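Q: generate a structure from the sequence data that follows.
(one chain, ligands or ions: 1)
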Amino acid sequence: MRDLKIAVIGAGMAGIATVIKLREAGIDDVTVFEKASDVGGTWRENTYPGIACDVPSHLYSYSFAPNADWSHTFASGDEIQAYFQDVARNQGVYDRTRFGEEVVSLVYGDGRWSLATAGGYRGEFDVVIAATGVLHHPNVPDLPGLDSFAGDAFHSARWDHDVAIDGRRVGVVGTGSSAAQITGALVDRVAHLDLFQRTPQWIMPVDNTPYDDAQRQVFRDDPAQMRQAREGLGRAFADHFANAVIDADSPAMAIIEEACRAHLESVADPDLRERLRPDYRAGCKRLIASGDFYDALQRPNASLVTEGIERIEAKGVRTADGELHELDVLVLATGFRSDRFLRPIDVRGRDGASLDEVWAERPSAHVALAVPHFPNLFLLNGPNGPVGNFSLIDVAELQLDYTIQLLDQLRHGAESVEPTVEAAEAFEEARVEATKGTVWVTGCRSWYLDDRGIPAAWPWSIDHFREVMQAPDLSQYRVTGDVAAVSVES
Ligand code: N01
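A: Numbers count the residues shown, from 1 in each chain. Down below sits the predicted model:
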């Protein structure tokens with residue numbers, strides 16, 4: 001069997017899993033390229049006050065590395081980051097990783113990828129696995145005058161911990177999941193908090209129950225119980241959320257909407273309540289899970305600002321009604337450019353095809369994983385995948401199982417494997433059609449929607465994703481070289 005030399009881009013959640021799962025499959029010549037100085041990806045970069053994951057922690061854990069010690073149902077960001085560091089350390093991922101190496105170009109030719117980094121490294125690989133994340137490139141809004149602000153301004157994913165927060169006047173722009181968590185965490189620390197809301201959000205109430213010592217001991221003593229807990233959470237998450245949003249008319253969707261409506265009724269001041277009321281359906285935008293957001297906004301030192309932002313001035317934010325909201329610190333919780341994926345890496349596939357050109361209108365990938373004309377390149381959590389309403393850990397693990405079966409083609413003598421144009425187009429056509437039944441198209445602006453207003457997401461169930469990821473259908477792939485050597489069950 002041929003030994004494959006594999007490059008992995010990114011040492012976040014998916015990159016760590018890649019090293020481990022490839023090794024399990026007998027593929028050990030793996031180098032991870034990480035532009036930062038540590039593993040963790042999202043959880044290394046997002047360190048804002050209040051950060052947590054809204055996927056329950058026992059579900060947001062690798063299936064192969066359960067963690068009996070999660071402190072809460074929804075663990076905090078630093079606990080999650082420590083988990084990834086531990087797994088990476090215990091499984092030798094640090095040793096495989098070149099830190100401080102930003103990949104800038106990938107060029108395919110004669111069955112190999114030439115990889116170059118900004119630091120001058122050059123190497124040849126049989127396969128590249130991009131584990132570069134989805135919500136990675138901050139969306140810094142083009143607010144007039146932003147540079148003139150005399151205080152400190154930063155994006156939520158670039159939190160500046162040298163800037164004092166306590167007792168100061170802080171403004172938060174945005175009402176997404178990041179802003180909701182920041183608002184809840186900051187309100188009791190600051191002199192005044194202004195939340196600049198462009199669009200109200202539906203908020204799903206959640207309790208973040210701690211696990212006590214006894215429960216943690218049970219999980220430690222009996223891993224089977226912990227596995228069952230993970231499976232139960234996965235089932236509940238799918239039934240009550242993931243499978244609800246893909247069917248706008250489902251009873252589960254109605255339950256979510258009712259829970260959000262009832263939660264909004266908890267806001268005592270009718271004026272504030274109405275200003276917080278969205279005019280679109282719950283789940284259309286990525287649903288926010290929070291138990292403290294409304295409470296925070298009802299504190300005497302919090303203001304919800306619904307007038308549009310006209311410009312930023314030295315002293316603060318000037319809104320369209322002419323009012324100046326004076327601030328010391330401005331937090332831009334304004335989301336991410338969710339259409340970037342592995343760009344800005346310059347990727348050249350077969351016959352010089354440029355990924356940037358192929359994706360000029362919008363990114364797409366066959367089963368969210370692979371792109372015609374770009375052989376032996378796999379994108380974990382790639383375009384149009386199950387994002388936002390599943391545990392991305394499960395998604396990455398399933399994609400890796402599928403990818404490893406495609407790699408078997410190469411290990412048994414094939415030179416290259418890539419999806420056919422026909423298969424990728426047929427997949428995309430079916431996907432677009434299926435988005436029509438989802439709640440994402442019921443009338444709102446969100447990061448799910450592409451430039452056509454079509455959700456750039458997997459519009460089917462997680463069970464269907466599991467089925468598709470069971471085994472590649474080789475009729476959808478162009479395999480070159482010694483193709484008869486292996487067959488993959490389908
Ligand atoms: O970003 P977002 P996020 N002027 O894109 C507003 C995951 N996540 O970082 O709605 C004024 O959701 C924008 O307004 P509008 C999760 O999947 C998970 O919060 O477009 N406002 C919106 O309110 C999540 O969905 C967790 O009108 C501007 C906000 O900024 C995803 O990451 C925690 C503006 C952006 O919201 C992204 O969440 C955090 C402008 N020019 C993130 N530009 C958990 O697990 C943008 N906005 C809990």
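Q: for the ligand, what are the nearby residues on the stretch 1-150 of the chain?
A: Ala52, Cys53, Asp54, Leu135, Pro141, Leu143 (Cβ under 6 Å from any ligand atom). Heads up, the C-betas are built off the backbone N, CA and C, glycines and all.
Q: show the buried residues in those.
A: Buried members of these, counted by 16 or more other Cβ atoms under 10 Å: Ala52, Cys53, Asp54, Leu135, Leu143.
Q: and the next helix or strand past whichever strand or helix holds Phe219?
A: Assessed by DSSP states H and E, Phe219 sits inside helix 213-221. The element immediately downstream of helix 213-221 (helix or strand, assigned by DSSP H and E) is helix 223-237.
Q: report the mean confidence score over that following helix.
A: For helix 223-237, mean pLDDT is 93.
Q: chain center to it: distance?
A: 22 Å (Cα atoms, centre = their mean, to the nearest Å).
Q: what's the answer for stretch 362-381, then?
A: Distance, centroid of stretch 362-381 to centroid of chain: 17 Å (Cα atoms, centre = their mean).
Q: now swap in stretch 154-162 and tell me
A: 19 Å.
Q: in it, what's buried?
A: Neighbour counts over stretch 154-162 (16+ other Cβ under 10 Å) mark Phe154, His155, Ser156, Ala157, Trp159 as buried.
Q: run through the stretch 251-400 of the chain and note the low-pLDDT ranges.
A: Along the stretch 251-400 of the chain, no part satisfies pLDDT under 70.
Q: now the residue of it found nearest the ligand: phi and psi?
A: In the stretch 251-400 of the chain, the residue that lies nearest the ligand is Gly335 (2.5 Å; Cβ to the nearest ligand atom). Recorded main-chain torsions at Gly335 are phi 80, psi -160, according to degrees, to the nearest 10.
Q: that one contacts Ser178, doesn't it?
A: Yes - Gly335 lies in contact with Ser178 (Cβ atoms under 8 Å); the separation is 7.5 Å.
Q: of those two, which one has the most company?
A: Neighbour count, other Cβ atoms under 10 Å: between Gly335 and Ser178, Ser178 has more, with 25 against 22.
Q: rewinding a little: just the buried residues of the helix holding Phe219, please?
A: Neighbour counts over helix 213-221 (16+ other Cβ under 10 Å) mark Arg216, Phe219 as buried.
Q: may I have the phi/psi pair for Asp222?
A: Backbone torsions of Asp222, given as degrees, to the nearest 10, read phi -140, psi 80.
Q: same deal with Leu276?
A: The phi/psi pair for Leu276 (degrees, to the nearest 10) is phi -90, psi 0.
Q: surely it and Pro200 touch.
A: Yes - using Cβ under 8 Å, Leu276 is in contact with Pro200, at 5.2 Å.
Q: just want to know which of those two has more residues nearby.
A: Shown here are Leu276 and Pro200; by other Cβ under 10 Å, Leu276 has more neighbours (21 against 18).
Q: ok, that one to Asp321 distance?
A: According to Cβ to Cβ, to the nearest Å, Leu276 and Asp321 sit 18 Å apart.
Q: which strands or helices does the biggest helix by length in the chain pack on?
A: Using DSSP state H, we find that the single longest helix of the chain is helix 392-411. Here helix 392-411 touches helix 13-24, strand 127-130, strand 377-379, strand 414-419, helix 462-470, strand 477-481, going by 3 or more Cβ pairs under 8 Å, 6 or more residues apart in numbering; DSSP states H and E.
Q: let's see it at 10 Å
A: Counting contacts by 3 or more Cβ pairs under 10 Å, 6 or more residues apart in numbering; DSSP states H and E, helix 392-411 is packed against helix 13-24, strand 127-130, helix 223-237, strand 377-379, strand 414-419, helix 462-470, strand 477-481.
Q: quick check, that helix touching the ligand?
A: No - applying Cβ under 6 Å from any ligand atom, one finds helix 392-411 out of contact with the ligand, separated by at least 9.2 Å.
Q: for that helix, buried residues please.
A: 392-400, 402-411.
Q: now do the same contact list for Glu323.
A: Residues near Glu323 by Cβ atoms under 10 Å, 6 or more residues apart in numbering: Val305, Glu307, Glu310, Gly316, Val317.
Q: now, the buried ones among the residues of the stretch 1-150 of the chain next to the ligand that are in strands?
A: In strands, judged by DSSP state E, none of these are found.
Q: near the ligand too, which of the buried residues of stretch 154-162?
A: Ser156.
Q: so which of the buried residues of stretch 154-162 comes closest to Ala430?
A: Ala157 (33.6 Å; Cβ to Cβ).
Q: show me what contacts that closest one?
A: Neighbours of Ala157 in contact, by Cβ under 10 Å, 6+ apart: 42, 45-48, 51, 135-140, 178, 332-336.
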